[in-house]
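J.: Below are the sequence and a predicted model for it; my questions follow.
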Amino acid sequence: MMENFELEAYHVPPELRDQVKISRTMVYEDESTRILLKIPSIDRTLIQSLPHHLKKKRSYLAHLPIEKIVHVLDEASRRWLDKNYPLRRLALKTIPLITGFSPEVVEASVDVEMESSLREDMWRALSLEIGNPLYLDDFQYSPQLGGYSRAFGPELIVSIFSENIPALPHLLFMRSALVKSACLGKAARGEPTFAPLYLKTIEEIDPGMAECMAVLYWQGGEEEIEASLFEQSDAVVLFGGVETCRSLMEKIPRRIKTLVHGHRLGFGVIGRQKMNRKGLERLAEAVALDCSMFDQQACLAPHVYYLEEGGEVSPKEFCQVVAMAMETLNQRMPRGRISPNEASAIHQLRAAYEFRELNGEDVLALASSPKTDWTVVYEKDPGIFSPSPLNRFIRIFGVEDIFQVPPALKPIGPFLQNAAVAIGDEREREFIRILGELGVARITSPGKMSVPSMMWHHDGISPLASLLRWCDVEKKDEF
Amino acid sequence: MKELPKEALDLDQKIINFIRKGVDQQDPEGFNRLALEVFDLQFKLIPLYRRYCEKRRIEPEKISSWEAIPALPTDVFKVMELSMFPSQTVRTFMTSGTTKPEERGKVGYDEGGLRLMDATIQEAASSFLFPDGMKTKILIIAPSPEMAPQMIMAYGMNRLKDYFGLPQSRFLVGREGFEVETLLKELRSSEEEDIPVTLCGGSFGFVNFFDTCREKGVKFKLPPGSRTLDAGGFKGRSREVKREEFIKECGEILGIQKKYSVNLLGMTEISSQFYDNTLRNLHKDLHLSGAKINPPWTKTLVVDPEILKPLPVGETGLLRHFDLANRGHILAIQTDDLGRMTGEGFEVFGRSKEGEARGCSLTIDEMTHIEKGK
């Protein structure tokens, strides 16, 4: 029996729903499911009336105590973590077909994202970045200032989501709400369904808050729409590739606060102390998980894992165990559907490694067969960082000494983001210091690359504090 | 340099005889026989390829059809020398697309291999580019082989010039780059003296030339019989132009008649060339749909990108070419071009954009741009 679903690639406040015309309906189909996804047509009236409406309704949010905002967002995350929550079930049924990710990957990403978006996470993030969260509600005495301070968020944040990691766009709506800003997001091309569903959840819990949130979808590069929305915003948060972000930045007036989350690179490093028989399988599973989560599509994912020689287990032996873990993981959480180009890139690169191996070079190519589900290749560190074609393709570089790694990373410093580090001896601290200087924004343990906390300085910036404007009262009398 | 072994020379002669029968011959068994012979020799004399085949449990004795010959992915040429007689290499061609030498594919040709390529160039061009037998002034928007010895297109176009061109034919990319003023003069004089022109070069070179002509407000009405031959894609070296628009530009700016614009798919890894059938159809009054045509000494399969198994006609997948003229390296080549078989031949879509940068991780393409300082 065919199950039919109708979804919308947008969500706007109820008053404006009549204004959204549907330009076309995309159909996604497999043996058991048919999804009709309605794509909005965006005209000039909507581009004017929607930001206006969101800003007007923002006064509700501006007067809502931060405690209440955290409560609503926490409730939303909890609903999404409930396996019986209808919208979650709808997302898990539909997102795999639309994105190509396997249902297991989509489920894991919803869980990972929502588990790190609970009440305590938000309080911690607020305290870390702002000190006293009550600065968002009213003037508070600041002992450092010796006066009173208050933080104001932008009236309207416009954000372009470009990645299609399921369940990620909610982060921007959360951050906007926490700084009491209205938020208008553009859904990503590949996954325009999660954000509208998330806004439905907010509407269920607090319709007033949902009045300040909207998500639309249009074809990237629509100059008029983008320029007009940026013009009406007070802050812009961009996610996207180097080229996309650059061309979008040109359209943003200079007075507008802009945060950019461009595409990034991750990697891992394991020192010889950790290359032991004991715990080998656990560590290999951790590496495999880092490379398999979100099918390696997230900027958090590693392209290369550097393994130090001289431990009890050689890097090549380690690769064999990682390969087994990749296979096991693929059975539990299968790799999703990929494009012909992506599959081709994997076959081509596998063959290059296979020939080097046949040629007697110190190279190893381990791979799923006959499909491209996963690939592990080993070689001696070539001294330059080579990105992976992704989709569960990990390059493992053997190094004589971990301190050989940083020079190879230097040229790509601005693009470094996430690193898993397990050295296990006194060199670890020094090594981490060097990575920090190079530009790495987050250091964690193998297996934890895909699960940053909400407190993380995303891409090295303070995602909440960077949006704020402060007002300080430096007078002691009459206040 | 010593002579090639007799078995290679004999095989080359058989292949040349086959090629010389032209593009109209119908001899699939002949192709199959020769393909298996080429495979047999490559299996015997190229140890790495043999090991690759053995890993896949394929040996010459075990197969009876060319489709079963293991195909070599093009990226392998970036890391490995895979010539039958490496010590006898007289010419090495390299792929383009990246400035890093270690990331460019290299294909070595021995004397016999070059002779085979020459034969394919002559036979294919006489049928697909000059089916009317017309001699034209060949103007080439590419460097000469002396300037770019590693560029297979320069080699091939030089052969076209020698085999089919009038004496005034010439290359138009010199030490100082594209000699656009010279080309404008050459085209103007052809127009005035009523000498038909064949303008050839990389597709992106044409587009940049068209842009220049528009800026300068220059147009030509080249004599009837003038034609264009463009090869390859745009690869970021000019704006991307759809085929129909390209043909329209050829008409508007050069005065080229419809169907006299021919596109060619050529690859460093493949000795033969795949032409559009447009001009040939026109000349022979054939009512066939447009496609890239396999000359009889080549075959093409479309394979499933995920498992690399052949797909039925009409389905889109990766192109895999089999070329007898590849005797000197590897007969069967797995490309990363998307395309599909049609009734007449095949279509090539190049590398589609679908699926690029799905996530937020930096991609290999982006890295390349960053490294180029873009």
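T.: All right, it came through fine.
J.: which parts of stretch B:121-134 are buried?
T.: B:121, B:122, B:123, B:124, B:125, B:127, B:128, B:129, B:130, B:131, B:134 (16 or more other Cβ atoms under 10 Å in any protein chain shown). For every residue, glycine as well, the C-beta is placed using N, CA and C.
J.: In helices, which of these appear?
T.: B:121, B:122, B:123, B:124, B:125, B:127, B:128 (DSSP state H).
J.: shaky segments in the stretch 101-250 of chain A?
T.: Low-confidence regions of the stretch 101-250 of chain A, defined by pLDDT under 70, span residues A:163-164.
J.: now the strands for it?
T.: A:140-142, A:147-152, A:156-160, A:182-186, A:213-216, A:235-240 (DSSP state E, counting those that start in this stretch).
J.: next one: the first one to chain centre, how far?
T.: How far strand A:140-142 lies from its chain's middle: 34 Å, per Cα atoms, centre = their mean, to the nearest Å.
J.: try the last one
T.: For strand A:235-240, the distance between its averaged C-alpha position and the chain's averaged C-alpha position is 13 Å (Cα atoms, centre = their mean).
J.: Give me the contact list for it.
T.: Strand A:235-240 has contacts (Cβ atoms under 8 Å, 6 or more residues apart in numbering or on different chains) with A:154, A:156-163, A:172, A:181, A:230, A:244-245, A:248-249, A:252, A:256-263, A:467, B:360.
J.: Each with direction, which strands does it pair with?
T.: strand A:156-160 (parallel), strand A:257-262 (parallel) (DSSP bridges).
J.: what's next to the shortest one, contact-wise?
T.: To tie it back to what came earlier, the one meant is strand A:156-160. By Cβ under 8 Å, 6+ apart, strand A:156-160 touches A:51, A:54-55, A:58, A:172, A:176, A:181-186, A:220, A:226, A:229-230, A:232-240, A:244, A:248, A:467.
J.: now stretch B:305-317
T.: Contacts of stretch B:305-317 (Cβ under 8 Å, 6+ apart): A:338, A:340-341, A:343-344, A:347, A:370-372, B:67, B:71, B:301-304, B:318, B:334, B:338-343, B:349.
J.: In a markdown table, list the buried residues of stretch B:121-134 along with pLDDT.
T.: Converted to a markdown table, those look like this (pLDDT from 0 to 100):
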| residue | pLDDT |
| --- | --- |
| B:121 | 98 |
| B:122 | 98 |
| B:123 | 98 |
| B:124 | 98 |
| B:125 | 98 |
| B:127 | 97 |
| B:128 | 97 |
| B:129 | 98 |
| B:130 | 98 |
| B:131 | 97 |
| B:134 | 96 |
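J.: who touches the residue nearest to the spatial centre of chain A in this structure?
T.: The centroid of chain A falls nearest to residue A:168 when counting by Cα atoms, centre = their mean (5.4 Å). Contact analysis of residue A:168 by Cβ under 8 Å, 6+ apart lists A:109, A:113, A:161, A:194.
J.: Residue A:212 versus that one, what's the distance?
T.: 20 Å (Cβ to Cβ, to the nearest Å).
J.: At the contact with chain B, which residues of the stretch 251-400 of chain A appear?
T.: A:261, A:263-266, A:294-299, A:301, A:303, A:338-345, A:347-349, A:351-352, A:354-356, A:358-359, A:370-372, A:387, A:389-390 (Cβ under 8 Å from any Cβ of the partner chain).
J.: What subset of those is buried?
T.: Buried among those by 16+ other Cβ under 10 Å: A:261, A:263-266, A:294-299, A:301, A:303, A:338-345, A:347-349, A:351-352, A:354-356, A:358, A:371-372, A:387, A:389-390.
J.: Could you list which of these belong to strands?
T.: A:261, A:265, A:266, A:303 (DSSP state E).
J.: and the first one, what are its bridge partners?
T.: In this case it means residue A:261. residue A:239.
J.: That one contacts residue A:459, doesn't it?
T.: Yes: under the criterion of Cβ atoms under 8 Å, residue A:261 makes contact with residue A:459 at 5.2 Å.
J.: Count residues in the vicinity of residue B:19, would you?
T.: 24 (other Cβ atoms under 10 Å in any protein chain shown).
J.: For it, list the residues it contacts.
T.: B:116, B:119, B:120, B:123, B:295, B:297, B:324, B:325.
J.: same thing but at 6 Å, please
T.: Residues near residue B:19 by Cβ atoms under 6 Å, 6 or more residues apart in numbering or on different chains: B:119, B:120, B:123, B:297.
J.: host element of it?
T.: For residue B:19, the host element (DSSP states H and E) is helix B:6-20.
J.: In space, what's closest to residue A:227 - neighbours in sequence excluded?
T.: residue A:251 (4.8 Å; Cβ to Cβ, 6 or more residues apart in numbering or on different chains).
J.: what does residue B:105 give?
T.: In space, residue B:105 is closest to residue B:77, 3.5 Å off (Cβ to Cβ, 6+ apart).
J.: now residue A:372
T.: residue A:346 (4.4 Å).
J.: neighbours around that neighbour, how many?
T.: Neighbours of residue A:346 using other Cβ under 10 Å come to 26.
J.: Next one, pLDDT for it please.
T.: On the pLDDT scale, residue A:346 is placed at 96.
J.: ok, it - contacts?
T.: A:372, A:389, A:393.
J.: How about residue B:277?
T.: residue B:293.
J.: Looking at it now. What's its pLDDT?
T.: Confidence for residue B:277, expressed as pLDDT, is 96.
J.: do the same with residue A:479
T.: Taking residue A:479 on its own, its pLDDT is 71.
J.: for it, helix, strand, or coil?
T.: Classification of residue A:479 using DSSP: H, G, I helix; E, B strand; the rest coil returns coil.
J.: one step back: can you give me the distance of the residue nearest to residue B:105 to residue A:348?
T.: 10 Å.
J.: for residue B:194, same thing?
T.: 49 Å.
J.: which parts of the stretch 1-150 of chain B sit against chain A?
T.: For the stretch 1-150 of chain B, the residues in contact with chain A (Cβ under 6 Å from any Cβ of the partner chain) are B:48, B:51, B:73, B:75, B:76, B:79, B:80.
J.: follow-up on the earlier one: list only buried entries from the contacts of strand A:235-240.
T.: A:154, A:156-163, A:172, A:181, A:230, A:244-245, A:248, A:252, A:257-263, A:467, B:360.
J.: related to what we said a few turns ago, may I see the ones in helices among the buried residues of stretch B:121-134 arranged in CSV, with distance to residue B:226 as well?
T.: Listed next are these as CSV, based on distance: Cβ to Cβ, whole Å:
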residue, distance to residue B:226
B:121, 21
B:122, 21
B:123, 23
B:124, 20
B:125, 16
B:127, 19
B:128, 16
